[in-house]
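Novice: The sequence isn't on hand, but the structure is:
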C-alpha cells in the first residue's frame, strides 16, 4: 500500500490541476466568447481576456472583481469574472461605474477623495470603491495629482505615491471606458446611426462655414458636437479595438469615427460593437451573443492568426500553470520537511513525485509563454522570477537524485514556491508580456546574457538555501549529523562553483551586449554592479575556502549572505531608480526586501553562535564524550 | 629573505581575499552613491581613483578611506600575475583554473587599456548631410577661423585669469571666466534682465549663467567662457561670451524647441538663427570667426545619412526600432557603399565603431516639421576584443574545472 501513496497523491494533484482545462461555461451573455476577441494594447495583439485581467490587476490587484466586498467569503459575495467586468466598462458604463473596483488603501487618499470609511452595514468595506463614488471628488484629486506629478518619484511620500498610483488607475479605467463608445453616450447604436446619417449634411455645413457662405447651424452644431466627443475619445489613447481592414492597421474607435467624414467607409466592426453595446445596455443576452457571433465570423477570414493567438493566450490565462505549480510546491515542501522528523521514505518519495509534477507544470508554463511571446524565457522582472524558480527547482531535484536525503526536495519546493509567489505579485505591474524596447529587442542577448545571469541568481539562491537548512537544522534540531553536514557542505561548495561560472559568464556577456549597443563594455550601471557583486562574492567564497579561512560553518554563513547579495542585485538596484536597466518595482517590494535581508542576517547571527549552542553538535558531544 | 616575503605576500590567497572583499564594498558604495552623485560623478569618485577619501551616502558624509578602483584593479592584476607565474603547473587538474585566471588577467588588462585608449565621440547629422568627422562627447575646443585657416584651442586650456598667446593669432586671449556647465537664455527685449556678461556679439542678446555639473547619463556639460581679446600693443579689443551652446546643432535644436513652446515657431526660429550665427572680429583687414564647439576628430572617410527611421509599437510610444541608413565614402579605398546601423547592430569601420544613439525621426519629426536626424555614438577602442576573448577563456576554464570535479564526484558516488 505504502508503495502507492506517492503515485496516488500525484494523480490527485494532477487531476486537480487539469480541472482548469475545461473552460467555464457562459450562462446568458457569452462573456467567455467575448474574452477571445483580439484587440491591440501595450503595442501587441492580445485577447480581451488578457486585457481584462491585466487591467483588473492594475486597478484592483486581483484578477476578478468582487462586487460585494463587504460580505465575508463565507457569505458568498458576487464574484464577477474579468471579461464580464471589461465588457461592461467598455460598453455598459451605467452598470460598471457602480462596481467597487478601485482599491484605495491610503487613509489620506481616502479623505482626499471624500470616500466613506469602513461600515459593513452601509455596504462599504473601506478598501474598494466605485467610479461613481470617486467621481465627485475628481476635481480636487486632479489638482493633487498634478502637484504630485511634478515631484521626482524618488522623493514622494507614501501618500503621494498613492495619489500617483490612483492617477494611473483612473487613467486606465478612463481609457477602457473610451475604447468602444463615448462615455456620455445614452443609446449608442442610435447615436451612431444618427451620426452616419448626419455626415453628408454636417460636412457640407462645415465646408460652407469655412468658405464664409451661409450654412445650416443645426447640422453644424450637431456635427461639431459629435466630432468633439470622438476627439475626446481618441485623445485618451485607449486600446485599439478595430482590426486591420484592407490597408489600414489596428485603429482606435475614436480615430475611425473621426475618419468617417473624410470619406473612409464605416467599418462593419464599428456596427458590431455598437450592437453589442446596445444589447448589453438593454440586458438582452441573445442580441449580444448574435452580434458577437457576427463580429467573430467576420474576423475569421482575415484575422486567423490574431484569433488563434488570442485563443492560445486565453487558454494559458485560464490554466494558470504557475499558480497550480505553486500550490503543489508548497504541499511537497511540507512533506519534505516532515521527512526529516520521522525519516519515512514514503514521505520523501511523495515529496519528490509532487515536485516532479509541479516541475512539469512549471516547465509547461515557461515554454508556453516563450512560444506565445516568441522570446527567450526571461524578458522582464516577472519572467525572471519564474525562470529563477525553474532553475532552482531543477538544481534541487538533481541534488535530491544524488543525495536522497530530502534536502534537495526541500530546496526545490520552497524556492519554487517563493519565486512563484514573487512572480504572482510582480504580475500586478501590468501586462507581463509587454513589448521589448528597441535596445532590448534582441533574442540573441536575451537568450544568452539574461539567461546566464538568471541561472547565476538561481544557483546562488540554491546555495544560500542549502546553507540555511544547515544552520536551522543544526541550531534548532538534533537531525544534523556529521554525514548530513558534510554532504550539505559539498553541495554548497559545488553549487557556489556553478553559480560563479554562470554569474561570471552572464555578467561579461552583459558587458559585451553593452559594447554592441552602446559602445562601452562596462559603465558601472547599478544593475551591472549588482551582477558584478554576485560574481565577486562567489569568487570570494571560493578563495576563502581554498585559503582555509573558512570551514564548514563559515562556508554556510557566507552562502546565506549570498542570498542578500542576490536579492540586492535582483530587486535592490531597481529601487535606486537610476541607470539604464531599471525596469520597475513597487514600494511593497522595498518592505519585503528589508524583511528578507533582516531575516538572512538573523540566520547568519545564528550561524555565528559557538558550536556548543548548536543542538546537533551538543547531541554529538553527548554521544561521544571524549 | 625579504624578496621571499614580498613574493609570498604578492602571491598569497589572503591578498586575493582582501582585494575581493574591498572590491565588493567599493562597488556597493559606488552604486549607492549614484543616487546623489549621478553615474559619472560616482565613477570619477570611486572607480577611476587610487584612493577614495570620504564617502557620501544619501546626503551624509562618512569619514572613510577606501582603496579606489585603480588600486584594487592593479592589486588584483599583480596578485594574479604573480600567483600565476609562481604557482603555474601544467596538470590536467589545474588547467581549467589556470585558464580562467588567465582570462581574468586579460579582462583586467583590457579594461585598463580601454580606460587609457578608448575615445567616445558622436556624429550628428540630418538626412542628406555628409560628415567627415566625429565630435567629442565631452571635450570642447575654441576655434578661430581666419578665412578657412582654423586654429583650435582645447577648452581645457581656458583657465580663468590666464592669458593665451597663440602663435598664428595676432591677439592674446585673456580668460575672464570659464564655466564647465552653463545655461543660456534669450534676453527678451523690454524685459528687466541681468547685466550683460560681455559687451559684444552674442552676449548682447543672450544671457549665460554657470550651472551645476551634469550628473545623469543623459545629461552633458555645456561650457561657456567669457574672454577678452587683446592686441599685441596691449589694447583691449573687447570682451565676448563663447559658449558650447552655440557650436552644437543639438543644443541649438534644444533651444529652438524650448522657445517654440514659449513664443511660437516664428520667433523661436529667429532666436535660433541669432544664436547659431558665429561671432567674429575684424583685425588688420582680416576677419576671425570664432566659436566654442565640441572637439572634432577627422576621419579619412565620410558618412552620409540617407534615411533615419524610428518605429514604435502600434498605439504606443514604446520605441520598436531606430535605424540609420548611411553611405560610406572612402576615397582612399574607393569604397562607396550603403549600410544600416541600428540598435544592437553597430557599424565597425576604419577602427571606429558607430552605434545608433539618438534620433529625431518618424512621427516626432513630422509633428515638428523638421528633417529627420540621427546621432551616432562613435567609439574608438583598440582593445574592444579583449572582453570577448577573456570571457571565453574564463568560461571555458571554469567549465573544464567544473566538469573535472563533477566527473570525479559522480564516479565516486557510483563506486561508493
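Specialist: Received the coordinates, thanks. Worth saying up front: this structure is predicted, and the values here are computed from it rather than measured.
Novice: Smallest distance to chain A belongs to which residue of the stretch 201-350 of chain B?
Specialist: residue B:313 (2.6 Å; CB to the nearest CB). In this view, the C-beta of every residue, glycine as well, is placed from N, C-alpha and C.
Novice: Angles on the backbone of that residue, please.
Specialist: Residue B:313 has phi and psi values of phi -70, psi 140 when expressed as degrees, to the nearest 10.
Novice: Double-check it against residue A:435; I have them as touching.
Specialist: Yes - contact status for residue B:313 versus residue A:435: in contact at 4.8 Å, counting by CB atoms under 8 Å.
Novice: what touches both of these two?
Specialist: Jointly contacting residue B:313 and residue A:435 under the rule CB atoms under 8 Å, 6 or more residues apart in numbering or on different chains are A:42, A:43, A:44, B:320.
Novice: How is chain A divided into domains?
Specialist: As given by automatic domain parsing, the domain ranges for chain A are A:1-20+A:319-435, A:28-177, A:188-304, A:442-620.
Novice: Need the contact partners of stretch A:80-98.
Specialist: Here stretch A:80-98 has contacts from A:24, A:29, A:31-32, A:34-35, A:48-49, A:51-53, A:55-56, A:63-67, A:99, A:101, A:130-132, A:135, A:173, A:176-177, A:179-181, A:183, A:188, A:273, A:276-277, A:280-281, using CB under 8 Å, 6+ apart.
Novice: In ChimeraX, how would I select the buried members of those residues?
Specialist: In ChimeraX, a selection of the buried entries from the contacts of stretch A:80-98 looks like this (16 or more other CB atoms under 10 Å in any protein chain shown):
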select /A:29,31,32,34,35,48,49,51,52,53,55,56,63,65,66,67,99,101,130,131,173,176,177,179,180,181,188,273,276,277,280,281
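Novice: Just the ones of the contacts of stretch A:80-98 in strands?
Specialist: Counting by DSSP state E, the contacts of stretch A:80-98 place A:65, A:66 in strands.
Novice: Restricted to helices, list the contacts of stretch A:80-98.
Specialist: Among these, DSSP state H puts A:31-32, A:34-35, A:48-49, A:51-53, A:55-56, A:131-132, A:173, A:176-177, A:188, A:273, A:276-277, A:280-281 in helices.
Novice: check contacts around residue B:318.
Specialist: Residue B:318 sits next to A:42, A:43, A:435, A:437, B:312 when contact means CB under 8 Å, 6+ apart.
Novice: show me what contacts the fourth one?
Specialist: Residue A:437 sits next to B:318, B:319 when contact means CB under 8 Å, 6+ apart.
Novice: low-scoring stretches of the stretch 201-350 of chain B, by residue?
Specialist: For the stretch 201-350 of chain B, the stretches with pLDDT under 70 are B:215-218.
Novice: Next to chain A, which bits of it? Give me the list.
Specialist: Selection of the stretch 201-350 of chain B residues close to chain A by CB under 8 Å from any CB of the partner chain yields B:216-217, B:312-316, B:318-322, B:343-346.
Novice: Pairing partners for the nearest residue to residue A:64 once chain neighbours are set aside in the sheet, please.
Specialist: Leaving aside its chain neighbours, residue A:64 sits nearest to residue A:79 (5.4 Å; criterion: CB to CB, 6 or more residues apart in numbering or on different chains). With DSSP bridges as the criterion, residue A:79 is bridged to residue A:66.
Novice: What is the burial count for residue A:79?
Specialist: By other CB atoms under 10 Å in any protein chain shown, the residues close to residue A:79 number 13.
Novice: Do I have it right that residue B:35 meets residue A:573?
Specialist: No - Residue B:35 lies out of contact with residue A:573 (CB under 8 Å); the separation is 10.9 Å.
Novice: Just the helices from the stretch 451-600 of chain A, written as ranges.
Specialist: A:451-476, A:482-517, A:526-546, A:552-570, A:587-607 (DSSP state H, counting those that start in this stretch).
Novice: Quick one, which of the ones you listed gets closest to residue A:203.
Specialist: Closest to residue A:203 of the helices of the stretch 451-600 of chain A is helix A:482-517 (CB to CB; 49.6 Å).
Novice: That closest one close to chain B?
Specialist: Yes - residues of helix A:482-517 are located near chain B by CB under 8 Å from any CB, namely A:490, A:494, A:497-498, A:500-501, A:504-505, A:508-509, A:511-513, A:515-517.
Novice: One more: stretch A:22-38?
Specialist: No - Stretch A:22-38 stays out of contact with chain B when judged by CB under 8 Å from any CB, the minimum separation being 12.5 Å.
Novice: Ends of that stretch, what's the gap?
Specialist: End-to-end distance for stretch A:22-38, by CA to CA, to the nearest Å: 21 Å.
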